[in-house]
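Q: Here's a sequence, model it:
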Amino acid sequence: MKAHAAQHSIQLVVSQLLVTEAFYGGILELPLQRSFTSPGAPEHIVLDMGGIAIVFVEENDVLRTHPILAHRLGMFPRGNGLTLHFEVQNIEEISDAIIEEDMEILYPLEIKPYGIKEMWCFDPDGYLVVLDEPLASGRNGH
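A: Prediction:
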């Protein structure tokens, strides 16, 4: 049985679910859900985005369930070649929180000529995250 209602999903391996939950749910204020799991099944967090869900699972649980992946998971750093894009609200507050947490920022918050505020940072596991917020005038049609 799937842990989400979305038709498609992407599973990302993370070091610690609590840290991932604090970043995506706490700092970015995205609608995360802890899934109810069967006894013995890996605990995970789901970010259901309509037609697609991102499922976060701890590496230890993945290795316990699929030990054959141990070599491959150790070959490359997490997030290599993957970028997650999210439209957020209150991007200034999010930027301040990311700076306060001393997280790595690739491109600091700036206003782009195409009508958005944007910043690029890395999540706690090294996945590249692009955050944007439409300028207020774009939302209100001014």
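Q: what does stretch 106-121 rub up against?
A: Identification of contacts with stretch 106-121 by C-beta atoms under 8 Å, 6 or more residues apart in numbering yields 91-92, 94-95, 98, 103-105, 122, 128-135, 137-138. Where you see a C-beta, it was placed from the backbone N, CA and C, and this is true even at glycine.
Q: Now, of these, which are buried?
A: 91, 94, 95, 98, 122, 128, 129, 131, 132, 133 (16 or more other C-beta atoms under 10 Å).
Q: Quick check: the gap between residue 41 and residue 62.
A: Going from residue 41 to residue 62 by C-beta to C-beta, to the nearest Å gives 12 Å.
Q: In the buried ones among the contacts of stretch 106-121, find the pair that's most separated.
A: Maximum pairwise distance among the buried ones among the contacts of stretch 106-121 (C-beta to C-beta): 18.9 Å, between 122 and 133.
Q: tell me, which helix in this protein spans the most residues?
A: helix 91-100 (DSSP state H).
Q: What are the buried residues along the helix or strand following that helix?
A: Using DSSP states H and E, the next helix or strand after helix 91-100 towards the C-terminus is strand 105-111. If you call a residue buried by 16+ other C-beta under 10 Å, then strand 105-111 has these buried ones: residue 109.
Q: and strand 105-111 with helix 91-100, angle?
A: Put simply, strand 105-111 runs at 150 degrees to helix 91-100, going by axes from the mean of the first three to the mean of the last three C-alpha atoms, to 10 degrees.
Q: Extract the C-alpha set from the helix or strand just after strand 105-111 and format it as CSV.
A: Next along the chain after strand 105-111, taking DSSP H and E as the criterion, comes strand 116-122. The C-alpha trace of strand 116-122 is given here as CSV (Å, rounded to 0.1, in the frame of the first residue of the first chain):
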residue,chain,number,x,y,z
ILE,A,116,10.2,36.5,-8.3
LYS,A,117,12.4,36.5,-5.2
GLU,A,118,14.7,33.6,-5.4
MET,A,119,17.5,31.8,-3.4
TRP,A,120,19.3,28.5,-3.7
CYS,A,121,20.5,26.5,-0.8
PHE,A,122,21.4,23.0,0.2
